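**Q** Sequence first, then the predicted structure:
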Amino acid sequence: MQQMLDSLQKKEEQIKQGGGANRIEKEHKKGKMTARERITLLLDENTDFQEIGLWAAYEMYQEEGGCPSAGVVTGIGTVCGKTCMIVANDATVKAGAWFPMTAKKNLRAQEIAIENHLPIIYLVDSAGVYLPMQDEIFPDKEHFGRIFRNNAVISAKGIPQIAAIMGSCVAGGAYLPIMSDEALIVDGTGSVFLAGSYLVKAAIGEKVDNETLGGATTHTEISGVTDYKMKNDTECILTIRNLVDNLGPRQTAGFNRKKAVEPEFSISEMMKDFPDDRTKPYDMMSVIKGLIDGGSFTEYKKGYGQTLITGYARIDGWSVGIVANQRKIVKSKTGEMQIGGVIYSDSADKAARFIMNCNQKKVPILFLQDVTGFMIGKRSEHGGIIKDGAKMVNAVANSTVPKITVIVGNSYGAGNYAMCGKAYDPRFIYAWPSAQIAVMGGTQAAKVLTQIQVSALEKKGKELSDDDKAAILEKIKSRYDEQTDVRYAAARLWVDGIISPEDTRSRISKAIECANHNPELPEFKTGVLQV
């Protein structure tokens, strides 16, 4: 685990350099800070910035020269004592142009702000849509235009939005800051217009420079489009802090919190029995005891459905319900040995009931995933595993209390769904470096696909030796292993970030703190439930 963490941390430092040292220097020569420098100045001193989507677009768009962190920095930070979502375009990456993953990352940031009623601060510095890929970013529901729709929805919900135009802001992108509640613009570097000077000349024959067309003086003294004219980045950031400091009080959900107690297990103890081999069993209780406040766990239906652990606990003082895959081999009530990490009918039934209880009691739920899926075979099918699995998925899908998911190991097939994978709207979803996300394990999938491919070739009359079959297997497994790697998942925002076991407790605590900002908790309904 430590080797994986060291390797990931080294790569993360490289990603944080954006377009590299030369591009950073060019921004400085223009009198501009980089996106990360702006965020550092914006945040309260000695507070953490919990970045969302650092690995977005990792090893994607290689033909385009890459797009580190999707060209935008997003995350949660404290500004004048208030928890805020921050979105900052990174102009060192393709001048802050929008790639498909840039749009997806921005939408995820807005989604988190909406779900948790967090004020959102946009630090705008972007050349607009990356035109060679316009068909993948422009017209669809989850493309670029959805961001402006979200601006309107966020405003209607009374969630504050503050935007600072600190560089280019072109075409459709011009709507984002102006649809915010308040807009600042930096003199000399900030500009906003629907069409730049070249397009204006080509379209209507008018000659005008960009500063006259849409600079700070134009929009604060003539058009009235922006509200504050700032002399430089520093004044702009400090003014944003003043605006946030003046925000009025906000209601909360009132989730239960007491004084925090240190966990019973240290991080080293928690990880002592955690295996490198993702197929080996271990006791998930050791992970739970390393995350929760010491002595706070009350297990629900301990002797029933033992391949899932359910119970109430506190994490950093917050009351939570926990649903976790038990990875050790256990004995069922009938004496049958059950495989760890597999969800059986009794486990699914227990989890569904527990999730309903958490909603009844208004207790946030933490899902700890290390799941290979639901149990298969004649006995399980005859016992109604599909019905019981549907019951659990129904409860997860309709749950209205905040859900936080941490993938510590495997996340395969329908187990991903039942344990609140990305498709089931967790408020936040994180993964350990050991996480693997796929429809099934790499070895099993490779064997199935190899059988299909070999069968197809043999039907065409081709004779394959054992070495030929082994080569096919290895090629398929190699591709599958690449796709199950946690970095592949993080690049596509299937998870909000790759975190270390050491940071897990603080991330969960911050997630519940964010969720507590939203006082609106809809009524829990399950619809038709298979019983």
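**A** Arrived safely, thanks for sending. Numbers count the residues shown, from 1 in each chain.
**Q** what about the spatially closest residue to Val79 that is not a sequence neighbour, neighbour count?
**A** Leaving aside its sequence neighbours, Val79 sits nearest to Val244 (CB to CB, 6 or more residues apart in numbering; 4.7 Å). Heads up, the C-betas are built off the backbone N, CA and C, glycines and all. Neighbour count for Val244, taken as other CB atoms under 10 Å: 19.
**Q** for Val244, what are its contacts?
**A** Val79, Cys80, Lys82, Cys84, Pro119, Ile121, Pro160, Ile162 (CB atoms under 8 Å, 6 or more residues apart in numbering).
**Q** and it, what element?
**A** Following DSSP states H and E, the helix or strand that holds Val244 is helix 233-245.
**Q** buried set for that helix?
**A** Asp233, Cys236, Ile237, Thr239, Ile240, Arg241, Leu243, Val244 (16 or more other CB atoms under 10 Å).
**Q** Which of the residues you listed sits closest to Ser223?
**A** Distance ranking of the buried residues of helix 233-245 against Ser223, using CB to CB, places Cys236 first at 18.8 Å.
**Q** Isn't that closest one up against Asp187?
**A** No: look at Cys236 against Asp187 with CB atoms under 8 Å: they stay out of range, at 9.5 Å.
**Q** Which residues are in contact with each of the two?
**A** With CB under 8 Å, 6+ apart as the test, Cys236 and Asp187 both reach Met230.
**Q** With distance to His28 and pLDDT added, can I get the buried residues of helix 233-245 in JSON lines?
**A** Output for these, formatted as JSON lines (distance: CB to CB, whole Å; pLDDT from 0 to 100):
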{"residue": "Asp233", "distance to His28": "10", "pLDDT": "98"}
{"residue": "Cys236", "distance to His28": "16", "pLDDT": "98"}
{"residue": "Ile237", "distance to His28": "16", "pLDDT": "98"}
{"residue": "Thr239", "distance to His28": "21", "pLDDT": "98"}
{"residue": "Ile240", "distance to His28": "21", "pLDDT": "98"}
{"residue": "Arg241", "distance to His28": "22", "pLDDT": "98"}
{"residue": "Leu243", "distance to His28": "26", "pLDDT": "98"}
{"residue": "Val244", "distance to His28": "26", "pLDDT": "98"}
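**Q** give me every residue that touches Pro426.
**A** Phe367, Lys403, Ile404, Thr405, Cys420.
**Q** and the first one, that one's in a strand?
**A** Yes: when DSSP: H, G, I helix; E, B strand; the rest coil is applied, Phe367 is found to be in a strand.
**Q** C-alpha coordinates for the lowest-mean-pLDDT helix or strand in the chain, PDB please?
**A** Ranking every helix and strand in the chain by mean pLDDT, DSSP states H and E puts helix 442-459 at the bottom, with a mean of 79. Presented in PDB, the C-alpha positions along helix 442-459 are these (Å, rounded to 0.1, in the frame of the first residue of the first chain):
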ATOM      1  CA  GLY A 442      -9.700  -9.300 -14.500                       C
ATOM      2  CA  THR A 443      -8.800 -13.000 -14.400                       C
ATOM      3  CA  GLN A 444     -12.400 -14.200 -14.700                       C
ATOM      4  CA  ALA A 445     -13.300 -11.700 -17.400                       C
ATOM      5  CA  ALA A 446     -10.200 -12.600 -19.400                       C
ATOM      6  CA  LYS A 447     -11.000 -16.300 -19.200                       C
ATOM      7  CA  VAL A 448     -14.600 -15.700 -20.400                       C
ATOM      8  CA  LEU A 449     -13.500 -13.400 -23.200                       C
ATOM      9  CA  THR A 450     -10.700 -15.800 -24.200                       C
ATOM     10  CA  GLN A 451     -13.100 -18.700 -24.400                       C
ATOM     11  CA  ILE A 452     -15.400 -16.700 -26.700                       C
ATOM     12  CA  GLN A 453     -12.600 -15.500 -28.900                       C
ATOM     13  CA  VAL A 454     -11.000 -19.000 -29.200                       C
ATOM     14  CA  SER A 455     -14.400 -20.600 -30.000                       C
ATOM     15  CA  ALA A 456     -15.000 -18.000 -32.700                       C
ATOM     16  CA  LEU A 457     -11.600 -18.600 -34.300                       C
ATOM     17  CA  GLU A 458     -11.900 -22.400 -34.200                       C
ATOM     18  CA  LYS A 459     -15.300 -22.200 -35.800                       C
END
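**Q** picking up where we left off before, how about the helix or strand following the helix holding Val244: buried residues?
**A** Sequence-wise, the next helix or strand downstream of helix 233-245 (DSSP H and E) is helix 267-272. Neighbour counts over helix 267-272 (16+ other CB under 10 Å) mark Ile267, Met270, Met271 as buried.
**Q** What separation is there between the residue of the chain positioned farthest from its centre and Ala445?
**A** Distance from the C-alpha centroid of the chain peaks at Gly461, with 48.1 Å (CA atoms, centre = their mean). Look at Gly461 and Ala445: by CB to CB, to the nearest Å, they are 27 Å apart.
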